[in-house]
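# Please find the sequence and the predicted model below.
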Amino acid sequence: MSVSSADVRVSVVVPAFNAEEWIASTLESVAAQTAPELIAEIIVVDDASGDGTIAVAQRFFESSRIPGQVIALPENGGVSRARNRGWQLARGEWIQFLDADDRLAPTKLAVQGEVANTISHDVDVIYSPWCRLSKSDHEQWAASGPLITSFVDEDPVVDIVADDLFGFLGPTLIRRSTLERTGGFDEAMRAGEDKEFMLRLAMSGGGFQRVDGDMPLFFYRETPNSLAFRTYDDHAAMQSRIDYNRRVEQHLRLRGALPLAARQALMHKYCTLYDWTIHLDLQSQLLAAMAPLRLPVEIDNVSPRMRRLGEVIGEVRALRLRIALKSTASRLRGLRRRDPGTTALPEVR
């Protein structure tokens with residue numbers, strides 16, 4: 001038997017770290033929902049901020065009719081720990097994760113809550129179109145860029161790997177029972193934890209359902225201190241991204257012969273990671289992952305000369321040679337710094 005929309009209860013979980021500048025706007029976007037009766041509560045989890053984030057959130061709750069609380073973690077443990085703490089305390093059947101610098105469209109919960117009434121219990125994630133927020137010429141934040149619409153309902157594991165823009169939590173509603181079943185977010189990960197969760201859920205047989213529309217229901221704000229940008233220089237964070245893509249590949253191979261769509265998606269992912277980690281000494285293991293896929297390699301910053309060499313000796317071999325040459329050049333620069341008279345390449349043993 002279907003339930004009324006008032007019986008669909010959503011807990012909004014807001015992980016926050018040094019978000020004093022943004023969090024009031026974020027919480028106001030929750031208060032402005034056209035179906036406030038769906039909101040069970042707002043839980044702000046402050047990850048040991050060093051600014052006024054907690055005070056701003058508390059002032060919001062003092063003037064809001066929406067039940068809420070601020071949880072202050074004693075030490076910074078990362079966004080995954082903050083999210084896990086939030087959903088574990090939540091009372092709602094569905095969880096809306098909302099980072100402290102993003103916003104919901106006014107109809108977000110109304111649209112997705114109506115769908116939550118009717119879907120079967122094997123659907124774990126409801127998701128909708130979204131777009132980015134950027135500053136205008138007048139220094140005002142406004143929706144920008146195209147409407148971003150994904151579709152991962154048919155073969156979620158392959159579809160999620162192939163879609164670089166699916167994995168953000170804001171456009172979704174997630175069943176609380178699903179988070180319990182999967183264990184929530186991997187607290188050891190410092191980047192890509194949202195995508196990893198979606199892939200782990202998909203590999204466990206979780207179901208996804210898109211709610212179509214021609215308007216964004218979520219707005220993602222790329223701030224100057226965005227965690228995503230900072231982690232590109234973090235060796236452990238990038239290593240974790242490589243590791244979970246390898247786990248996905250192993251899962252897909254257990255299903256049988258790796259289909260072309262999966263091979264293409266994985267190759268694209270490995271090539272993207274190759275570009276991101278060119279300065280982190282992770283190329284050898286990425287090349288080892290690329291080789292079994294037996295597909296053309298598409299690395300953005302490879303010179304035309306190296307591409308021509310790849311046509312002769314094979315792309316992966318050419319990229320391996322490139323790494324060796326860059327390593328040798330780096331060693332030579334080090335020798336020259338210690339002895340400016342060094343001009344010859346060091347002997348390679």
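Noted; the coordinates are in hand.
# List the buried residues for the strand or helix carrying L273?
Following DSSP states H and E, the helix or strand that holds L273 is helix 260-276. For helix 260-276, the neighbour count (16 or more other Cβ atoms under 10 Å) marks 262-267, 269-274, 276 as buried. (Glycine included, C-beta is placed from N, CA and C.)
# From these, pick the one nearest A162.
Distance to A162, by Cβ to Cβ, is smallest for A265 among the buried residues of helix 260-276, at 3.7 Å.
# tell me the contacts of the closest one?
Residues near A265 by Cβ atoms under 8 Å, 6 or more residues apart in numbering: 158, 161-162.
# Next, work out how far apart it and A82 are.
Counting by Cβ to Cβ, to the nearest Å, the separation of A265 from A82 is 30 Å.
# okay, H268: pLDDT?
Residue-level confidence at H268 comes out at 88, pLDDT.
# So it sits against D163, correct?
No: using Cβ atoms under 8 Å, H268 and D163 do not qualify as a contacting pair, with a distance of 10.3 Å.
# Can you classify the residue nearest to T182 when sequence neighbours are not counted by secondary structure?
Nearest non-adjacent residue to T182, counting by Cβ to Cβ, 6 or more residues apart in numbering: L201, 5.6 Å away. The three-state assignment at L201 reads helix, by DSSP: H, G, I helix; E, B strand; the rest coil.
# ok now do L201, which residues does it touch?
Contact analysis of L201 by Cβ under 8 Å, 6+ apart lists 124-125, 178, 182.
# from those, which two are the most distant?
Greatest spatial distance among these (Cβ to Cβ): V125 and T182, at 11.1 Å.
# of the two, who's got more company?
V125 (24 against 16; other Cβ atoms under 10 Å).
# Where does the more buried one sit, in terms of helix or strand?
Counting by DSSP H and E, the element that carries V125 is strand 123-127.
# could you point out which element follows that strand?
Helices and strands here follow DSSP H and E; after strand 123-127, the next one along the chain is strand 130-135.
# And for the helix or strand just after that next one, what's in contact with it?
Remark: after strand 130-135, the chain's next helix or strand is strand 141-148, criterion DSSP H and E. The contact list for strand 141-148, computed with Cβ under 8 Å, 6+ apart, reads 129-136, 165, 214-216, 219, 221.
# For A19, state which of those is nearest.
Once Cβ to Cβ is applied, the member of the contacts of strand 141-148 that ends up nearest A19 is R221, at 10.7 Å.
# separation between the closest one and I126?
In terms of Cβ to Cβ, R221 sits 22 Å off from I126.
# That'll do, ta.
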